[in-house]
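A.B. asks: pasting a predicted model and its sequence here:
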Protein chains: 2
Amino acid sequence: MALVIQKYGGTSVADAERIRHVATRIVDTVRDGDEVVAVVSAMGIRTDELLELAAEVSGRSHPRELDMLLTAGERVTMALVAMAIQDLGIAATSLTGSQAGILTNGRHGQAEIVEIRANRIREALNEGKVVIVAGFQGVDPDSRDVTTLGRGGSDATAVALAAALTADRCELYKDVDGVFTADPRLVEAAGKIDEINFEEMLELASAGAGVLMPRSVEFGRRFKIPIHVRSSFHDGEGTWVKEETMEQAVVRGIAHDESEAKVTVYQVPDTPGVAASLFEALAEAGVNVDMIVQNVSRDGSTDISFTVPGVSIDRATKESEAVAASVGAGGVTVDRDIARISVVGLGMKTESGVAARMFRLLSNEGINIEMISTSTIRISCVVRADRVGEAVRALHTGLGLDQATS
Amino acid sequence: MALVIQKYGGTSVADAERIRHVATRIVDTVRDGDEVVAVVSAMGIRTDELLELAAEVSGRSHPRELDMLLTAGERVTMALVAMAIQDLGIAATSLTGSQAGILTNGRHGQAEIVEIRANRIREALNEGKVVIVAGFQGVDPDSRDVTTLGRGGSDATAVALAAALTADRCELYKDVDGVFTADPRLVEAAGKIDEINFEEMLELASAGAGVLMPRSVEFGRRFKIPIHVRSSFHDGEGTWVKEETMEQAVVRGIAHDESEAKVTVYQVPDTPGVAASLFEALAEAGVNVDMIVQNVSRDGSTDISFTVPGVSIDRATKESEAVAASVGAGGVTVDRDIARISVVGLGMKTESGVAARMFRLLSNEGINIEMISTSTIRISCVVRADRVGEAVRALHTGLGLDQATS
């Protein structure tokens, strides 16, 4: 008898019919002889409705109360899923994040799981019950306040539970078939990846592959929990994210991200400590800087460019302008029309020349590379946003990722 | 500085605008120098929406999960009310029933409050915060499951909190101005009662006056908490329900109830133990019997009639038919077209003749009395349902309750 953690997202539980379908899937797993803990999100658009309601009542920010409000969403789903399972003749019980012992820090809206006290889940499993756990939510044991985990929070709940309960596997049910070699909306020839290593998945997730958030992958990697990303609409195998994969691909997949912006501080005096001042100020303002490029000095001054997530652009600009003024730089420009394209593969650790091939393929299409950054298993380039489709397709074909079957 | 418990029902918090209005009321009370704990219900039709959703998913009964589902309703309201209060510059925090320490027994859907551990509320009050508590819900400390209190549960939460916190007063905000001498929809001349004794209110509530449920009144009576039933739409005084009233009315008000049915077991052999068998069987089936009438024996047999709440009619009929068959009675008839009219007043304890006046007034209208029952401060008659309006109006006028101003 294996212990299986399953996670069903908002589209998988969007209405009564889909909830009954999810219940059938869970019951099938139980009838196959496994124990199941299912993590569920709020029904489809329900979170948006609650946010609208909050906006109608108040235009301001109320982090604690907003979390209290939003956690009503999963509460509804989990009760309905438990009912539907019971209707199929299998005992089931629903637990909130707090009841399930999901302890977080106190960062409302983007809390991090710090510990899971799973005794109540274990008791219910021992009583032969399927346990339905509200995803995306937990409780801060210091304030005893309810918290939410932010984007990808339900995936994170599932993988963290899998770790805490030493589950045999963790299945994340999605409205896509798995992880793809590139975004199928952009690349028709993109194919489903059967197996991918945690490190590669982490790079792809960080580079904008929306199917998984980095935090869930990181949990899986740290606690060695194999994650099965699969479709909630059919039974076919999805993508296994795991520690070791059978085959090491040189290039596993391509991700792109159009949500970032490039900030350039120009004519920066080329004296020690200027870059440090800039990035210290940004860090203190909570801005996550992604790529950084500093040009060579010319006439005693240089330009520093960096990319930041879309949500941080205003803060990044404000901080940069303050530093620019204080160090006597020429000024600050912001460019939102960029896209970052990342090629990821574990084989890059040993096989060189991927970067050169990437640059050549883009150059052949007449696409200008504005920034470059690399890790041991990833190469990222910033290009104009309106060339992103061409760029990804050219790389997908040129790096041998196109599916023969497509 | 007084401690005030306020309760706002579903219509008072039906939309964003009303929620802001409730926040203003609460803040006004705080600015007057008082501490406030506000109990809130689910927004207007939201509970019905959740019930519909449950019916779509499952046709069966899932008491634990239904409670989990329904408690999402107050959760939404309390978070929104807390936000709106904070927007007005006053610190506020929302607490679920469980967080507020409202401990109940495990009867899902109709749980009873057994204890309130109010330390978390007290901490928040000591920090100078308004505390918003979800009404209608609690937690069973044995199973650690969330429970709901059933009809009138939010009122009960408020009065029980007032008792636990030894509050100075308890204000129940309603979509009516207070408790009336009769249902104003039936009697144009009905007037608001300024003060009413707990005993009288308990009788009126039990007799069908919908504005308060007996459980809340009983809490107030037991713990001597004055309850102010008032309008959420204006500032005028409502009705004070309290231990001692200035003036003892012979007749304080008239209530009616059209939801009951009369069951008659006819041609019952007039032997000892038959009535006992019947009402034991009904009690075991969880049927609350209200009025009981047994006619005198004729030809060695008798008829036994009793009234039961509308929801229990089917069960009551089934049990009665079984007993009728086993004791050799003639059969069972059910009559749903009845109304019970009750006249309540503390003065009846000392002043006799009210019953006679009541019977005469009904007789003058040509209204037949089918059953009679009395307590020390109440007289109830069952009449045909289609005569209930005439009957209540005749009694209201004849017993001197008509308002001069109306």
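C.D. replies: Received, thanks.
A.B. asks: what does the stretch 51-200 of chain A put close to chain B?
C.D. replies: The stretch 51-200 of chain A has residues A:53-54, A:56-60, A:62, A:64-66, A:68-69, A:71-73, A:75-76, A:78-80, A:82-84, A:86-87, A:93-94, A:99, A:120, A:144 near chain B, with proximity defined as CB under 8 Å from any CB of the partner chain. Any C-beta I mention is one placed from the backbone N, CA and C, and that applies to glycine too.
A.B. asks: please repeat the previous calculation with a cut-off of 6 Å.
C.D. replies: A:56-58, A:60, A:62, A:65, A:68-69, A:72, A:75-76, A:79-80, A:82-84, A:86-87, A:94 (CB under 6 Å from any CB of the partner chain).
A.B. asks: of those residues, grab the buried ones for PyMOL.
C.D. replies: Under the burial definition 16 or more other CB atoms under 10 Å in any protein chain shown, those of these that qualify are selected in PyMOL by:
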select buried, chain A and resi 57+58+62+65+68+69+72+75+76+79+80+82+83+84+86+87+94
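A.B. asks: the residues of the stretch 51-200 of chain A next to chain B in helices, which ones?
C.D. replies: A:56-57, A:65, A:68-69, A:72, A:75-76, A:79-80, A:82-84, A:86-87 (DSSP state H).
A.B. asks: can you give me the end-to-end distance of stretch A:292-305?
C.D. replies: With CA to CA, to the nearest Å applied, stretch A:292-305 spans 6 Å between its terminal residues.
A.B. asks: sorry, wrong one. I was asking about stretch A:133-148.
C.D. replies: Note: stretch A:133-148 ends 14 Å apart using CA to CA.
A.B. asks: would you confirm that A:Thr181 contacts A:Gly253?
C.D. replies: Yes: judged on CB atoms under 6 Å, A:Thr181 makes contact with A:Gly253 at a distance of 4.6 Å.
A.B. asks: neighbour count: those two, which is higher?
C.D. replies: Set A:Thr181 next to A:Gly253 and count neighbours by other CB atoms under 10 Å in any protein chain shown: A:Gly253 wins out with 27 against 24.
A.B. asks: now the more buried one: how far from A:Ser352?
C.D. replies: 19 Å (CB to CB, to the nearest Å).
A.B. asks: for A:Arg151, same thing?
C.D. replies: Distance of A:Arg151 to A:Ser352, computed by CB to CB: 35 Å.
A.B. asks: now do A:Thr24
C.D. replies: Applying CB to CB to A:Thr24 and A:Ser352 gives a distance of 50 Å.
A.B. asks: more neighbours: these two, which one.
C.D. replies: Each of A:Thr24 and A:Ser352 has its neighbours counted (other CB under 10 Å); A:Thr24 has more, 13 against 8.
A.B. asks: what is the neighbour count of the nearest residue to that one once chain neighbours are set aside?
C.D. replies: Of all residues not flanking A:Thr24 in the chain, A:Leu88 sits nearest, at 6.8 Å (CB to CB, 6 or more residues apart in numbering or on different chains). Neighbour count for A:Leu88, taken as other CB under 10 Å: 17.
A.B. asks: repeat for A:Gly310
C.D. replies: 12.
A.B. asks: next one: it relative to A:Gly347, how far apart?
C.D. replies: Distance of A:Gly310 to A:Gly347, computed by CB to CB: 32 Å.
A.B. asks: what of A:Leu125?
C.D. replies: In terms of CB to CB, A:Leu125 sits 41 Å off from A:Gly347.
A.B. asks: ok, those two, which is more surrounded?
C.D. replies: Each of A:Leu125 and A:Gly347 has its neighbours counted (other CB under 10 Å); A:Leu125 has more, 18 against 15.
A.B. asks: in contact with the more buried one, which residues?
C.D. replies: A:Glu35 (CB atoms under 6 Å, 6 or more residues apart in numbering or on different chains).
A.B. asks: same question for A:Ser259.
C.D. replies: So A:Ser259 contacts A:Gly310 (CB under 6 Å, 6+ apart).
A.B. asks: residues in contact with stretch A:172-192?
C.D. replies: A:7-8, A:11-12, A:155, A:193, A:211, A:229, A:231-232, A:238-239, A:253-254, A:389, A:392-393, A:396, A:401-403, A:406.
A.B. asks: same question, stretch A:40-47
C.D. replies: Applying CB under 6 Å, 6+ apart, the contact partners of stretch A:40-47 are A:Tyr8, A:Gly9, A:Gly10, A:Val13, A:Ala14, A:Gly73, A:Glu74, A:Thr77, A:Met78, A:Val81, A:Gly135, A:Ser154.
A.B. asks: what do you get if the cut-off is 7 Å, keeping everything else the same?
C.D. replies: Stretch A:40-47 is touched from outside by A:8-11, A:13-14, A:70, A:73-74, A:76-78, A:81, A:132, A:134-136, A:154, with contacts defined as CB atoms under 7 Å, 6 or more residues apart in numbering or on different chains.
A.B. asks: with stretch A:357-371 instead?
C.D. replies: For stretch A:357-371, the surrounding residues in contact (CB under 7 Å, 6+ apart) are A:291, A:293, A:305, A:338, A:343, A:379, A:381-383, A:387, A:390-391, A:394-395, A:398-399.
A.B. asks: repeat the analysis, applying 8 Å as the threshold.
C.D. replies: A:262, A:291, A:293, A:305, A:307, A:338, A:343, A:379, A:381-384, A:387, A:390-391, A:394-395, A:398-399 (CB atoms under 8 Å, 6 or more residues apart in numbering or on different chains).
A.B. asks: how distant is it from the center of its chain?
C.D. replies: With CA atoms, centre = their mean, to the nearest Å as the basis, stretch A:357-371 stands 27 Å off its chain's centre.
A.B. asks: sorry, back to before: test my guess that the residue nearest to A:Thr24 contacts A:His21.
C.D. replies: No: contact criterion CB atoms under 8 Å: A:Leu88 and A:His21 do not qualify, at 11.4 Å.
A.B. asks: ok so A:Val39 is a strand residue?
C.D. replies: Yes: assessed by DSSP: H, G, I helix; E, B strand; the rest coil, A:Val39 belongs to a strand.
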